[in-house]
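Chemist: model this:
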Amino acid sequence: MKRFQNRYPLFILFFTVFLPLTLFSEKIQGIYISRYVASSQRFYQLVERLKENNFNAVVIDMKYDYGDIAVKLDSTYSSINSYEQIKNIKEKLDTLKKLGIKPIARVVCFKDNILGKYENFRYAVKYSDGSLYRDLSDAIWVSPYSTFVQDYIIDVAKECAKLGFLEIQFDYVRFPTDGIKGTLVFPEKKNSSGFETIIDFLKRAYNELKPYGVDISCDVYGYTVWFDSLYLVNQNLDGMAIYADAIYPMVYPSHFSDSLYRSMGKEERTYRIIFESGIKSKRRIDRFKTKTILYLQDFTWKSSLMGKDYVNNQIKAAIDADVDGFILWNPSSKYSYFTLPEKINFLNYKKD
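Modeler: Now for the predicted structure:
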């Protein structure tokens, strides 16, 4: 197991030996399911669509964008009060695994309204005048430097592993970027850079979670694979890949500058963004035996600029780039892909 050399108590080693490891032995093709849909009957309807289309992975919200969590923590965190249960989640995870669908827990890291308010905003990011920072979505952010914050996130991830998830996927594993109107102050700030702080957090998470037999992954901005380092967000692809089994670049064409590949037609531009993103990521992180799995766009924002059949076009580009899989993203978990008359996926598409 790469980069994992620490010693652990016998009960954890026993747990590791007898829990099946999923090491990305096949291409991943899946969807994201929000916590609301995961609690509803739509969950089972989506599972049927997954099986009909030979999809084999589902990303489920377990620590949500604004801080609610779908697992119970021990008394250490009883006063944070952020538990919001997903109905019959254990039964649903068992169903997914029996059907050969890998359950992946999405754990939002440093964007957290609930933890941000804890102990009179003790861990919240603020301005130098003491006022509270909120991003453009009105969200509070907590300090990536804080040991308590890191402990809390990792403990949520551990409970997800115990519940039966086979992969922990960290999202918002970065610094805040938008709506900044002054100098930000981060509680417990250390001498390490923002890049080092993010990588050190992933290192901690990797070493503490590996005994539970889960894969570790993280989401990164699409542009992170295009530059040596992405400043402000403090994401460095190569450094993060050292402590991840998979990296998920979020390469939605709508999120790239309209000027990128401006001279191309809509279809060609959409294809080229996905293809080049996949190639660039693999070129940098394959050496770490870290997989590239792309988040692709199945929502309509700026879709008029993406060309006809933009979902299939993205998937075709991902396959041509020989990445290790894709996840379709729609924040409402309503996927146009399943209604298309013809659908491309890894099993039915042959490269030219």
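Chemist: correct me, but residue 248 touches residue 293?
Modeler: Yes: applying Cβ atoms under 8 Å, one finds residue 248 in contact with residue 293, separated by 5.2 Å. From N, CA and C alone the C-beta is placed, and that goes for glycine too.
Chemist: Touching both of those two, which residues are there?
Modeler: 217, 327 (Cβ atoms under 8 Å, 6 or more residues apart in numbering).
Chemist: Farthest from the middle of the protein: give me that residue.
Modeler: residue 129 (33.0 Å; Cα atoms, centre = their mean).
Chemist: what's near enough to touch it?
Modeler: Per Cβ under 8 Å, 6+ apart, neighbours of residue 129: residue 182.
Chemist: what separates it from residue 275, distance-wise?
Modeler: 46 Å (Cβ to Cβ, to the nearest Å).
Chemist: can you pull out the helices in the chain?
Modeler: Taking DSSP state H, the helices of the chain run over residues 10-18, 35-38, 42-52, 89-98, 113-121, 147-163, 194-209, 237-241, 266-285, 310-320.
Chemist: and the last one with helix 266-285, angle?
Modeler: Regarding helix 310-320 and helix 266-285, their directions subtend 40 degrees when assessed with axes from the mean of the first three to the mean of the last three Cα atoms, to 10 degrees.
Chemist: Could you give the average pLDDT over helix 310-320?
Modeler: Taken as a whole, helix 310-320 has a mean pLDDT of 97.
Chemist: which helices and strands sit right next to that helix?
Modeler: helix 266-285, strand 294-297, strand 325-329 (3 or more Cβ pairs under 8 Å, 6 or more residues apart in numbering; DSSP states H and E).
Chemist: one more time with 6 Å, if that's ok
Modeler: helix 266-285 (3 or more Cβ pairs under 6 Å, 6 or more residues apart in numbering; DSSP states H and E).
Chemist: From the contact counts, what lies against the helix it packs on?
Modeler: Using 3+ Cβ pairs under 6 Å, 6+ apart: helix 266-285 touches helix 237-241, strand 246-250, helix 310-320.
Chemist: tell me which residues in that helix are buried?
Modeler: By 16 or more other Cβ atoms under 10 Å, the buried positions in helix 266-285 come out as 266, 269-271, 273-282, 284-285.
Chemist: how long is stretch 252-260 end to end?
Modeler: 13 Å (Cα to Cα, to the nearest Å).
Chemist: whoops, I mixed them up, stretch 70-83
Modeler: First residue to last in stretch 70-83 (Cα to Cα) measures 6 Å.
Chemist: Please apply the same query to stretch 171-183.
Modeler: Length of stretch 171-183, first residue to last, Cα to Cα: 24 Å.
Chemist: repeat for stretch 296-304
Modeler: For stretch 296-304, the end-to-end distance is 16 Å (Cα to Cα).
Chemist: Can you mark which positions in that stretch are buried?
Modeler: 296, 297, 298, 299, 303.
Chemist: possible to save the helices of the chain as JSON lines with distance to residue 329?
Modeler: Formatted as JSON lines, those follow (distance: least, Cβ to Cβ, whole Å):
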{"stretch": "helix 10-18", "distance to residue 329": "31"}
{"stretch": "helix 35-38", "distance to residue 329": "13"}
{"stretch": "helix 42-52", "distance to residue 329": "14"}
{"stretch": "helix 89-98", "distance to residue 329": "18"}
{"stretch": "helix 113-121", "distance to residue 329": "22"}
{"stretch": "helix 147-163", "distance to residue 329": "20"}
{"stretch": "helix 194-209", "distance to residue 329": "22"}
{"stretch": "helix 237-241", "distance to residue 329": "19"}
{"stretch": "helix 266-285", "distance to residue 329": "13"}
{"stretch": "helix 310-320", "distance to residue 329": "11"}
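Chemist: Nearest to residue 79, out of those?
Modeler: Among those, helix 113-121 comes nearest to residue 79, with 7.4 Å by Cβ to Cβ.
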